[in-house]
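Enquirer: Need a 3D model of the sequence below.
(one chain, ligands or ions: 2)
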Amino acid sequence: MAKPSLLSIVVPVFNEQESISLFMDAARPAVAEALGFMGADARAEFLFVNDGSTDRTGDILAILARLNADVRYVALSRNFGKEAALAAGIDRARGDAVIPIDVDLQDPPELIVAMVREWLAGARVVNARRIDRSSDGWFKRWSAQGFYRLINRLSDHPIPENVGDFRLLDRQAVDVIKQLGEQARFNKGLFSWVGFSVATVDYERAPREAGRSKWRLGKLWALAIDGITASTTMPLRIWSYIGGGIALMAFAYAAFLVLHTLLTGVDTPGYASIMVAVLLLGGLNLMSLGIIGEYLGRVAQEVRHRPLYVVAEESEPVVSPAAEIP
Ligand code: UDP
Ligand code: MG
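Expert: Ligands and ions are numbered 1, 2, ... in the order given. All right, here's what the predicted structure looks like:
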């Protein structure tokens with residue numbers, strides 16, 4: 001690997017006029033220290049994504065970019081949400097490593113130093129895991145825990161618990177993420193899907209430094225649904241098993257009713273025939289739902305157009321191409 005020289009810090013911002021300068025004050029020294037480990041000619045770029053802010057965020061970014069050669073920004077035409085804003089930033093980042101980070105200092109910039117060291121030691125992805133969520137309310141903690149438990153039971157690739165979007169992604173991982181063209185972005189799911197060698201650094205999540213959280217309950221719920229439907233097909237396919245199980249029992253009971261009526265005669269007129277009809281049709285319904293779910297799950301997987309696999313490295317061909325062999 002050539003000596004890494006550029007570190008991209010990607011910062012989505014939405015109505016954060018109070019936070020940006022606080023963020024730069026805290027992030028600059030941390031990034032400078034991290035660059036020290038990367039070598040003499042290492043540089044950093046701060047890439048802000050203005051996610052349709054309606055306050056003075058845009059003006060502040062314009063001034064900041066004019067005054068600092070290492071600050072760039074991209075402004076979206078309206079508020080597209082953090083997931084889309086991050087995607088816009090990651091697409092434009094030029095660094096050998098890319099670190100998405102929140103502007104409100106809830107993701108401590110000091111951690112960038114530890115992340116870069118893990119990266120230089122060979123990790124392609126460095127996750128930042130919060131070991132303490134006490135800055136979140138009980139409801140957010142409880143719902144987040146439930147969400148991770150659920151999605152990790154359903155998903156075929158685990159999504160590490162208590163790891164947010166704050167992490168270091170090597171250029172190799174970034175290039176894979178950029179290829180994923182799916183519309184419903186759930187970054188945490190995509191970041192963990194790419195694989196590669198992962199390291200983890202721990203931190204305590206601080207309360208927000210300035211401004212207000214932009215997540216409302218409804219938006220978080222929508223993100224959770226996106227996450228589950230984007231990373232799993234289990235909710236669709238589960239009906240094959242439930243349907244199959246119930247249908248089997250229904251058919252067995254229907255058979256028993258038929259036999260019972262034939263052997264001991266009719267006790268309540270109409271009961272056996274109605275029951276058998278209801279059970280048969282109900283069982284058939286559930287089974288066909290399950291079959292549709294199986295196909296729909298496959299369709300959902302197809303339309304995501306994810307690559308079948310991601311290669312981490314390959315040995316150089318030992319034998320030179322056939323044409324050159326005498
Ligand atoms: N953000 C964004 N677009 C949005 C909402 C949030 O770019 O629609 C940014 C926001 O400016 C911040 C980061 O995403 O830098 C995290 O947002 P916030 O602190 O509101 O989320 P929380 O920490 O409460 O999960
Ligand atoms: Mg925050």
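Enquirer: Please count neighbours and contacts with C-alpha atoms only from this point.
Expert: OK.
Enquirer: right, and L257 touches A272 too?
Expert: Yes: the criterion here is C-alpha atoms under 8 Å, and L257 meets it with A272 at 6.0 Å.
Enquirer: From ligand 1, how far out is L280?
Expert: Per C-alpha to the nearest ligand atom, to the nearest Å, L280 is found 49 Å from ligand 1.
Enquirer: mind listing what that residue touches?
Expert: Neighbouring residues of L280 by C-alpha atoms under 8 Å, 6 or more residues apart in numbering: 247, 250-251, 254.
Enquirer: what about it, which SS state?
Expert: helix (DSSP: H, G, I helix; E, B strand; the rest coil).
Enquirer: same deal with the one 4 residues further on?
Expert: Reducing the assignment to helix, strand or coil with three-state DSSP, the entry for L284 is helix.
Enquirer: Excluding covalently adjacent residues, which one is nearest to it?
Expert: Of all residues not flanking L284 in the chain, A247 sits nearest, at 6.7 Å (C-alpha to C-alpha, 6 or more residues apart in numbering).
Enquirer: tell me which element the one you found is part of?
Expert: Applying DSSP states H and E as the criterion places A247 in helix 234-264.
Enquirer: S143 now?
Expert: Assigned by DSSP H and E, S143 falls within helix 138-154.
Enquirer: care to break the protein down by domain?
Expert: Residue ranges for each domain of the chain read 6-215+308-314, 233-304, as given by the TED database.
Enquirer: Just give me the lowest mean pLDDT stretch among those domains.
Expert: Lowest mean pLDDT within the domains of the chain: domain 233-304, a mean of 82.
Enquirer: Please verify my assumption that the residue nearest to L284 contacts G282.
Expert: Yes: under the criterion of C-alpha under 8 Å, A247 makes contact with G282 at 7.2 Å.
Enquirer: Which of these two has more residues huddled nearby?
Expert: Neighbour count, other C-alpha atoms under 10 Å: between A247 and G282, A247 has more, with 21 against 17.
Enquirer: Could you list which residues are in contact with that one?
Expert: A247 touches 279-280, 282-284, 286-287, counting by C-alpha under 8 Å, 6+ apart.
Enquirer: at 7 Å what do you get?
Expert: 283-284, 287 (C-alpha atoms under 7 Å, 6 or more residues apart in numbering).
Enquirer: What distance do you get for it to S240?
Expert: A247 sits 10 Å away from S240, going by C-alpha to C-alpha, to the nearest Å.
Enquirer: do G36 as well
Expert: Counting by C-alpha to C-alpha, the gap from G36 to S240 is 56 Å.
Enquirer: Check the burial of K140 by counting its neighbours.
Expert: 14.
Enquirer: returning to that earlier point: hey, which of the domains of the chain is tucked in deepest?
Expert: domain 6-215+308-314 (a mean of 18; mean count of other C-alpha atoms under 10 Å).
Enquirer: Mind checking if that domain is in reach of ligand 1?
Expert: Yes: using C-alpha under 6 Å from any ligand atom, we find that domain 6-215+308-314 touches ligand 1 at 12-14, 16, 51, 79, 81-82, 85, 102-104, 213-215.
Enquirer: Show me the residues you listed that map onto helices.
Expert: Restricting these to those inside helices, with DSSP state H as the criterion, leaves 82, 85.
Enquirer: Taking the residues of domain 6-215+308-314 next to ligand 1, tell me the two that lie furthest apart.
Expert: The most widely separated members of these, counting by C-alpha to C-alpha, are N79 and D104 (17.7 Å).
Enquirer: can you give me the strands in this protein?
Expert: Remark: strands assigned in the chain by DSSP state E are 6-13, 43-50, 71-75, 97-100, 125-132, 163-170, 198-204.
Enquirer: Columns distance to I90 on top of these, output as a markdown table?
Expert: Below are those laid out as a markdown table (distance: least, C-alpha to C-alpha, whole Å):
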| stretch | distance to I90 |
| --- | --- |
| strand 6-13 | 7 |
| strand 43-50 | 9 |
| strand 71-75 | 11 |
| strand 97-100 | 7 |
| strand 125-132 | 14 |
| strand 163-170 | 10 |
| strand 198-204 | 19 |
